[in-house]
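In: how would this look folded up:
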Amino acid sequence: MPNTLRYLLFPVLHALGPVLMGYGLIMLIPWIVSVTQQDGADGAFLEAAMLTFAAGAALTLLTRRFKLELTARHGFLLVTLVWTVVPLFAVVPIMIELPQYSLVQIYFETMSCLTTTGATVMTGLDDLPLSINGWRCFLAWMGGMGLIVLSVAILPLLGVGGAQILKAETSGPLKETRLTPRIADTAQALYLIYFGISVILAVL
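Out: Predicted coordinates:
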C-alpha cells in the first residue's frame, strides 16, 4: 500500500475504532430492554454488541502506531466512514433476529433510521420484539441530533464554518444567535435540551 494512502487511511481507522467500541456499548441498552421484557432478542443484541466492540478494539490496536493529529482530509474521510460503517454494524441484531430480510433491506432500514428519513421496508412492525422496535426508534433518536452535532462540533475542527450550518439547520431565534458563545458548548446545550425533552415525553 502506498505511504500516502496508508497515512490517510490508517489514522482514520484508528479514530474509527473507539467509535465502534462506544457503539457496541450502546447496543447493551436494547439488550437490557430485551432481557427485562423477555422478548427473545437478547442473544442477538449481545452477539451484535460483542462483535461491534471487538471490531472497534481490533481497529484501535492494529492501527495504534498510526495515531496522528487528524487533518481536514482525515476528518472528511472519518465522517464518511462513520456514516457508512455504523449502520453496517447496526444491522447485525436485526439480521440475527429477522433472517427473512436481506442485508440490503436492513441496511436501508438502519440508514433510514439514523438519517431520520422515516422510510421502512419492514412489515408487521407491531408484531416485532419490543427491543427490535426500540432499537429502530433509538437509532432515529440518535440520528435526530446527529447532523446538527456533526455540523457544530466536527466540521469547525476541519475548517468548515459550523456556525453558518447551524444557522441553516435550525429555526426561530437560533438563526440569529447562539445559545452559548462557543460552538462546542452550543452542541452540548442542544443535546441537554434534546435529552430533556425526550425524558419528559417518555414520562408523559
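
In: over to Ala119. Which of the three states is it?
Out: When classified by DSSP: H, G, I helix; E, B strand; the rest coil, Ala119 comes out as coil.

In: that one - how many residues pack around it?
Out: Applying the criterion other C-beta atoms under 10 Å, we find 10 residues in the vicinity of Ala119. Where you see a C-beta, it was placed from the backbone N, CA and C, and this is true even at glycine.

In: cool, the one 3 residues further on as well?
Out: By other C-beta under 10 Å, 17 other residues sit near Met122.

In: wait, it touches Tyr101, no?
Out: Yes - at 7.0 Å, Met122 counts as touching Tyr101 under the criterion of C-beta atoms under 8 Å.

In: lowest-confidence helix or strand of the chain?
Out: helix 162-169 (a mean of 45; mean pLDDT, DSSP states H and E).

In: skip ahead from that one and say which helix or strand is next.
Out: On the C-terminal side of helix 162-169, the closest following helix or strand by DSSP states H and E is helix 183-203.

In: which neighbours do Met122 and Tyr101 have in common?
Out: With contacts taken as C-beta atoms under 8 Å, 6 or more residues apart in numbering, the residues that reach both Met122 and Tyr101 are Glu109.

In: can you mark which positions in stretch 26-40 are buried?
Out: Ile26, Met27, Leu28, Pro30, Trp31, Val33, Ser34, Asp39 (16 or more other C-beta atoms under 10 Å).

In: what residues are up against the nearest residue to the second one once chain neighbours are set aside?
Out: Meaning Met27. For Met27, ignoring the flanking residues on the chain, the nearest one in space by C-beta to C-beta, 6 or more residues apart in numbering is Ala49 at 3.8 Å. Ala49 makes contacts with Gly24, Leu25, Met27, Leu28, Trp31, as judged by C-beta under 8 Å, 6+ apart.

In: now secondary structure, distance to Leu59 and pLDDT too, for the residues you listed, in TSV please.
Out: As requested, those are arranged in TSV below (DSSP: H, G, I helix; E, B strand; the rest coil; distance: C-beta to C-beta, whole Å; pLDDT from 0 to 100):
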residue	secondary structure	distance to Leu59	pLDDT
Gly24	helix	12	92
Leu25	helix	15	91
Met27	coil	17	94
Leu28	helix	20	95
Trp31	helix	22	96
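
In: can you add distance to Ile96 and give those back as a markdown table?
Out: A markdown table is the format used below for these (distance: C-beta to C-beta, whole Å):
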| residue | distance to Ile96 |
| --- | --- |
| Gly24 | 15 |
| Leu25 | 18 |
| Met27 | 12 |
| Leu28 | 15 |
| Trp31 | 12 |
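
In: which one of the buried residues of stretch 26-40 is nearest Phe53?
Out: Relative to Phe53, the closest of the buried residues of stretch 26-40 is Met27; by C-beta to C-beta it sits at 8.3 Å.

In: list the contacts of that closest one.
Out: By C-beta under 8 Å, 6+ apart, Met27 lies in contact with Phe45, Ala48, Ala49, Thr52, Pro93.
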